[in-house]
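Colleague: pasting the sequence and the predicted model now:
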Amino acid sequence: MAIDLAQFHDAFFEESFEALDSMEAALLQLNPGAPEPELIGTIFRVAHSIKGGSATFGFSEVASFTHTCETLLDELRANRMQVTRHVTDLLLKSVDVMRDMLRSVQRKEAIDQQKVADLQFDLELAIAQKNQPAAAPAPAPAAAAPVEAAKPAAAHRWRIMFRPYPQLFVHGNDPLRMLRELGELGQLTVKLDGNALPALEELEPESCYLAWELTLDGDVKREAISSVFDWAEGDCDLEITEETAPVAAAPAVAPAAAPEVKPSNVVNIADAKPSAEPALQAATPAAPSAGVEAAPKAGQMTDGGSIRVSTEKIDELMNTVGELVITQSMLTQLGSKFSGAAAEQLRSGLAALERNVRELQESVMRVRMLPISFVFSRFPRMVRDLSQRLGKQVDLKMTGDQTELDKTVMEKIGDPLVHLVRNSVDHGIEMPDVRAAGGKTPNGTVFLNAYHKGGSITIEVGDDGGGLNKERILKKARERNLVGANDPLSEEQIYDLIFLPGFSTAEQTTDISGRGVGMDVVRRNIKELGGTIEVRSTPTKGSRFIITLPLTLAIVDGQSVAVGTETYIVPLITIIESLQLKQGMVNRVAGQGEVFWFRDAYVPVVRLHELFGLEPRTKQLHEGLIMVVEGEGRKVGLFVDDLLGQQQVVIKSLETNFRRVDGVSGATILGDGAVALILDVPGLIRVATQRMAA
Amino acid sequence: MNTWNISVKAKLFTTLALAGIVMILVGVIGLGGTKSSNSDLDAIFSNRFMPTGWVGEIETHERAVLEKAEEVVIRQDASAIRAAMDLLQEREGAVKELLRKLDATELTDKEREIVAQFRAHGSEVLNHVQEALLAAQAGNFSPAESALIEKARPAYEKLNSAGDTLLKTQIEVAQQMRTEADSSFKKASALIIGAIVVGIGLSALLGFLIIRSIVSTLNAAVNIADRIANGELGNDVRVDSRDELGRLLEALKRMDGKLVEIVGGVRGSADAVGAAARQLSHGNDDLSQRTQEQAAALEETASSMEEMTATVKQNADNARQANQLAVGAREQAEKGGAVVQRAIEAVGEINHSSRKIADIIGVIDEIAFQTNLLALNAAVEAARAGEQGRGFAVVATEVRNLAQRSASAAKEIKGLINDSVDKVKVGSQLVDESGKTLSEIMESVKKVTDIVAEIAAASEEQSAGIEQVNNAVSQMDNVTQQNAALVEEASAASKSMEQQSATLVSQIGYFRRADGSGITGSGPHASAEVVRIAPTAVAKPRTAVRKAGLGAPGKPARSSAAPLARASGDDSQWSDF
Amino acid sequence: MTNQVAAQIDAAAAGSNQVLTFTLGDETYGVDILRVQEIRGWSPVTRIPQAPSHVLGVLNLRGSIVPIVDLRMRFNLQHAEYTPLTVIIVLSVQSPIGRRDFGVVVDGVSDVIDVAANDVKPAPEFGAHVSTEFIEGLASVSGRMVMLLDIDQLIGADVTGVALNPAA
């Protein structure tokens, strides 16, 4: 039975991090003064299971700390202590500390003992003072408290049927620990049911074959009992019946309390990557991604129906499906060559295949899609901390957090959003007294809204604060020579200035914002994702940033063009117009090569064949086609032989097996199995400009 | 005469102008004389005659005043004093008037002196009278009387004598003036007569000179015209002057030269015409002889034509037979061609099959290659599998061996098939060639039949043609007769032409050179033509007649006229008959 | 898992290695068979702009984009025509930035052979087309001389753009 527990570590850490996230979310929802017992239960279960897990794996420091938390939570749950803001803060800090500890353990690093000890002391202090906080402004819970208080008066006899599934151990549950815990609650009688035990040679050491019939006497609530089995939920059949309370509650209803809560079939896929602490002071959004924190919605915290799949596997799946698409198109081509009655059947079969393959591809794509709540989940805590630090009263309203988005996009949008939200809290929302003076409620509101629009996702970050100060922006821009002193600028243009590098209007640099590296990086990051950002603002009413992003980075709408024997894909989003030049429309300009007049400006011609050293079908500009493309605000006319067609292509990185190539953002596989390069238009323009300058 | 190189018009004008000038000169001198005598006369009248009268008048007035005063004083009539005073006043004014007039006339110095005395005396008289009258008025008659007698009367006397002196002087001056006028008249008369004489002399000289120059030139012109009229040309005309007459002479000279040229040209042409006419008549004689020869030749032709007709008919029969034979040969050849075609197709199929086999072998080869690769991949996997893969690696190696063996077998078969494909290719080439040869033969046979058929058709056409030729020959005979007659006529015409040209030459002979030599013919083209015609007309006609073959019956008739009509044409035309 | 490890240990103990040999012109080269991912026939490649001339382009290898290197060109040999019988060996190299797959175009694949560790001699300075830094060693197998290539050295820099030699 020398089972190497190390193989379960990864699963433990992942689940623990996830659990901590949900604990954090629940804590934020917790209403000081009028706590919902269910929320407290959730929080308690998290702490409890982490305690159990770490004890099982021998992470004694974690277990010890968690135990303290659990004790505090137990006090809360038992209503022996009031939920106050102080307590919530302490618990939130505890979440952070637990996260740190687990991470340290995972990396086999030393735990910051001092910090842990400090917090642990605070927690114990809070527990010790549990009776004093009664003086705290606790508007006595209307319903929950009296009911809860009433119940413990009566003694109960609980009958518990605990029938674990064979995989119980696999998930790190230990029945002995549970039984011990039950024993602590009251007088426990244990009866073992070993009927399922197989013969020794058939026995799988990692499976559980036993079942128990338990009787618990004492002043115990149902919740207390079921919480013992929380961690085993889904891995066992559990039946809790109250024998000595024939009238109080219908015994038949009891199984309902069994934690057979399968909220939905939502498949949650989260990156196993350890997420860095969302750097509150991160003025460096370019720093490594903070990762995605899997924080399922409160209602789905008991996450039963999802499986954890590594992204590599999904990428593999995508590849395979891509291959399947190619094979299918080859078959379709082949099928069109047959004739006769059987060929008709073949073709209809191929059509069905095509449909199925496309659906399969879409499904696989969807697997990569995650609800944006993975990003949004970090904001409640952030806004809370920030507003406390700044002495402001800020409410966060998030809508559309179930809007789905590709994981890769999600990974990169986190930092810009953090920045925007932080800006809104720091600069947007005024101090409560200012708000009150302006006739507003003292509580400011920060909105986060996400929704699908066409093939893209729109994320709005807004506030009901003072709005952008036009005069100050203009003044600053002029001071920094970003605009001429007398340039006439429209309102939009002025607001747009804040995206310029080195621009910050904050009068004093705080550690939260105002260092001038911010909005330009935000915009650059969004542009790198192929998205746009714009800003709207109304003085005294607030400002709103609107970000539009492609749903995925794995697929791009492209126009395929031919140059010589090669095929290239140009992202549709960069194309302005395709046209054919007539003779005489092209002028030669010294130092700039060929240019032509296009919509009130001269646009240089970039000959793709020259840039890529190919032998084209024609070198005469009027015989080929010009595709006017735009990148980083510059337009060029890309000279190609022919346009082939528009299609959605799956982007594959050249860097997987090769290296970066200037002017090429990746490659894709065409229907015939051949590889086509996807052009990186801004890079291409840069390369072309360098060539011309050389 | 060279000094007179001005036009005749100018000469005449000059002479007349000289005569006019003399007449004007004479007139002017005459007029001057007349005017001078008139002015003298006027001076005598107004300066000498009139003043004489005025002196007398003055004396009269003075005396009247004196006498009145004396009467008053003597009578001592105071009442009359008033009247005397008035008279005095009146006559004093008149005197003064007359004296003024006198002063205005032209007077000599002596006269003026006398006039001054006269004037002084006059006023003295009047003053004394006035004095006396004033005294009388005062009643002092005696002083008045004495004044009158003692003073006024003597003054009057003096006045009178002064008057007389003036008259005398006046007459003397007039006398002197008359003498002066006389002498000036004499001088003017002499001047006028001299001028007239000089003018007449000059005019006469000029007129003589002009007449002499005109007449000499006109005489020369008349002389030349006379000579030309007499047929003498080439005169030596010298032109010295450049006036109108000079130009007349110049024109005559040119006329002479031109006439020499023209006469020379006409003479030359006439000679040429004469020579040509002689040759023409000679040629006509020749022609008539050859026309005879032609007639004989035509008869011979007619007999040969009959022989030819028979030959051509036989030829046509032979051709028909040959045509039938050729058609038979062609059918045979076509049958052979079809057989060869089938052989070609069969070989082609063999070739096609061989190629298919080669393709299949290629596929086998490809499969062997792929199998080899697969086996290699299997070996790689096996190696990766380590010890467990050992057995699998052995199998893979065996598969590879098999693949290699099948590849080499495929290669061998490929070689064999390629060999057989090559051989079939050679065979099919041979069959192709024999097919080609056969079809070439067919082609040739076809051509032969065609040609033979053409020959038969041509023979038919030939016999028809010969008939036409016969007709043509008899027509030619007729035409030859007509030709002979025409030749006679032409001969006569050329004779008469010869005569005409001789006449022309003799008439032109009227003109001769002034030095007595005759004018020879000019115009090189005329003589050159003669040289060219001569050999042609003589040498060619014989061949021409001989060559006038069967197919051209109409031409010999024209041939007699042709040499004339085409005298200047090229002689190559002749050889075409 | 344990078996594979065991096999490797066995092989190391026996001092022998399996090597895939291939021909290039008249010479025979060998690569460690564990580096070989796949052997496949020739198919046309997609050219990559601004790549070295011996990097022919990229190929779709079951959904991943793999660069193709012509070894003849890499070794400055005379260029050979690409036919359906031309062979591409897909290899994996270890570079400082991770594993990279790439294909090499060779004239033909010969065999999989076992090379005993003590059969491998260090490469002397001699007139091969390959400079000795790319040769791990020489092995003589049944009378043939096989040059064992160090593909990490040979190809790594080409496909990754990162020089292995920090000095470069």
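Modeller: In hand now; what should we look at? Numbering: from 1, shown residues only, chains lettered A, B, ... in the order given.

Colleague: so does whichever strand or helix holds B:Ser408 get close to chain C?
Modeller: According to DSSP states H and E, B:Ser408 maps onto helix B:390-508. Yes - with Cβ under 8 Å from any Cβ of the partner chain as the measure, helix B:390-508 is seen reaching chain C through B:393, B:396-397, B:400. All C-beta spots, glycine's among them, are computed from the backbone N, C-alpha and C.

Colleague: measure stretch B:100-108 end to end?
Modeller: 16 Å (Cα to Cα, to the nearest Å).

Colleague: run the chain-centre distance for that stretch.
Modeller: 86 Å (Cα atoms, centre = their mean, to the nearest Å).

Colleague: pretty sure A:Ser373 sits against A:Gln402.
Modeller: Yes - applying Cβ atoms under 8 Å, one finds A:Ser373 in contact with A:Gln402, separated by 6.4 Å.

Colleague: who's more crowded, these two?
Modeller: Between A:Ser373 and A:Gln402, counting by other Cβ atoms under 10 Å in any protein chain shown, A:Ser373 is the more crowded of the two (21 against 12).

Colleague: how close does the more buried one get to B:Leu66?
Modeller: 181 Å (Cβ to Cβ, to the nearest Å).

Colleague: quick one on the thing from earlier: same for the helix holding B:Ser408, what does it pack against?
Modeller: helix B:244-385, helix B:555-559, strand C:108-116 (3 or more Cβ pairs under 8 Å, 6 or more residues apart in numbering or on different chains; DSSP states H and E).

Colleague: hey, least reliable of the ones you listed by pLDDT?
Modeller: Of all these, mean pLDDT reaches its minimum on helix B:555-559 (a mean of 41).

Colleague: A:Val521: neighbour count?
Modeller: Counted with other Cβ under 10 Å, A:Val521 comes out at 18.

Colleague: quick one: buried residues of the helix or strand that contains it?
Modeller: In the assignment (DSSP H and E), A:Val521 maps to helix A:519-528. Going by neighbour count (16 or more other Cβ atoms under 10 Å in any protein chain shown), the buried part of helix A:519-528 is A:519-523, A:525-526.

Colleague: of those residues, which is the nearest to chain B?
Modeller: A:Asn525 (42.5 Å; Cβ to the nearest Cβ).

Colleague: now that closest one: how far from A:Val675?
Modeller: 29 Å.

Colleague: just A:Gly183 next, same as before
Modeller: From A:Gly183 to A:Val675 the distance is 66 Å (Cβ to Cβ).

Colleague: and the average pLDDT for stretch A:355-366 is what?
Modeller: Mean predicted lDDT for stretch A:355-366 stands at 85.

Colleague: name the residues that touch it?
Modeller: With contact meaning Cβ atoms under 8 Å, 6 or more residues apart in numbering or on different chains, stretch A:355-366 is reached by A:314, A:317-318, A:321-322, A:324-325, A:328, A:404, A:406, A:552, A:554-555.

Colleague: just send these back as CSV, with distance to B:Glu59, neighbour count and secondary structure too.
Modeller: As requested, the contacts of stretch A:355-366 are exported to CSV (distance: Cβ to Cβ, whole Å; neighbours: other Cβ atoms under 10 Å in any protein chain shown; DSSP: H, G, I helix; E, B strand; the rest coil):
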residue, distance to B:Glu59, neighbour count, secondary structure
A:Ile314, 182, 17, helix
A:Leu317, 184, 16, helix
A:Met318, 179, 21, helix
A:Val321, 181, 20, helix
A:Gly322, 178, 21, helix
A:Leu324, 183, 17, helix
A:Val325, 177, 19, helix
A:Gln328, 180, 20, helix
A:Glu404, 175, 18, strand
A:Asp406, 172, 22, strand
A:Thr552, 171, 23, coil
A:Ala554, 173, 20, coil
A:Ile555, 170, 19, strand
